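Student: Sequence unavailable; structure follows:
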């Protein structure tokens, strides 16, 4: 019904890896009614022989993808990585120059040709877990604030924030970026609301609904959907 009314759906999800995104979030990538999906913690590192393999895989599933590679973690495995997906047919362009390279595994912005005339800027963000608003997470938030100042037009960020909406509000960061939180009322990870959106206040009047997606299949996170 919302699609017939000309509305848009944007999902945010942390499936913990790209393989899980294909397997568990297949509902999003193949049969989802969403127009755009923001993914955190893909754990995909660039392959020297085929650096764009996951983008090609997304295309097979009917999506245009922009990605940022994971880093090598402390235990030698991949850490972080982000992706922004748009249904094939919608324009999507990665912003390569708004986030410092050192933090691109936790923060990715792209331009999405939807929602309003001229499109919007969409971001996928992943704060470090179990640290609250630590120095590292403050650095990621500052990088997001700097990136926002470099964008022209409305924006939104979907993320696994690893802090609650109340904690993020208390940090003062929302006032810094001119943003507002749009979060579901149900927990999204281990009894807490960690997966939600921060949107440009200029988009406030466009918000129709936000909800936890019950059947996306990822664990321990539920995906969250924003209707605009």
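Tutor: Arrived safely, thanks for sending. Keep in mind the model is a prediction, meaning the values are calculated, not measured.
Student: Select the longest helix from the chain.
Tutor: Longest helix in the chain, counting residues (DSSP state H): helix 135-149.
Student: list the contacts for residue 110?
Tutor: Applying C-beta atoms under 8 Å, 6 or more residues apart in numbering, we find residue 110 in contact with 66, 84, 92-95, 121-123. (Each C-beta comes from the backbone N, C-alpha and C, glycine too.)
Student: if we can go back for a sec, can you name every helix or strand that the helix or strand following the longest helix of the chain contacts?
Tutor: The helix or strand immediately downstream of helix 135-149 is strand 155-160, counting by DSSP states H and E. Contacts defined by 3 or more C-beta pairs under 8 Å, 6 or more residues apart in numbering; DSSP states H and E place strand 155-160 against strand 9-13, strand 36-40, strand 120-126, strand 195-200, strand 223-227.
Student: Would you tell me which of those gets closest to residue 209?
Tutor: strand 223-227 (4.3 Å; C-beta to C-beta).
Student: can you list contacts of the closest one?
Tutor: Against strand 223-227 from outside (C-beta under 8 Å, 6+ apart): 2, 7-13, 25, 28, 34, 156, 158, 182-184, 188, 195-197, 199, 207-213, 216.
Student: Would you indicate which residues of it are buried?
Tutor: Neighbour-count burial for strand 223-227 flags 223-227 (criterion: 16 or more other C-beta atoms under 10 Å).
Student: Just give the strands next to it in its sheet, each with its orientation.
Tutor: strand 9-13 (antiparallel), strand 209-213 (antiparallel) (DSSP bridges).
Student: Deepest in the core, which of these is it.
Tutor: Among the strands paired with strand 223-227, judged by mean count of other C-beta atoms under 10 Å, the one packed with the most neighbours on average is strand 9-13 (a mean of 26).
Student: That one versus strand 36-40: what angle between them?
Tutor: 10 degrees (axes from the mean of the first three to the mean of the last three C-alpha atoms, to 10 degrees).
Student: quick one: the most centrally placed residue in the chain from residue 161, how far?
Tutor: Centrality entry for the chain: nearest residue to the mean C-alpha point is residue 124, 2.8 Å, by C-alpha atoms, centre = their mean. Residue 124 is 11 Å from residue 161, where distance means C-beta to C-beta, to the nearest Å.
Student: Am I right that residue 176 sits in a helix?
Tutor: Yes. Residue 176 sits within a helix when classified using DSSP: H, G, I helix; E, B strand; the rest coil.
Student: one step back: which elements pack onto the longest helix of the chain?
Tutor: strand 107-112, strand 120-126, helix 173-177.
Student: among those, which is nearest residue 56?
Tutor: Of the helices and strands packed on helix 135-149, nearest to residue 56 by C-beta to C-beta is strand 107-112, at 17.2 Å.
Student: The closest one - which strands sit beside it in the sheet, and in what orientation?
Tutor: strand 92-94 (antiparallel), strand 120-126 (antiparallel).
Student: and the last one with helix 135-149, angle?
Tutor: On the basis of the same axes, to 10 degrees, strand 120-126 is oriented at 170 degrees to helix 135-149.
Student: tilt between strand 120-126 and strand 195-200?
Tutor: Using the same axes, to 10 degrees: strand 120-126 against strand 195-200 is 140 degrees.
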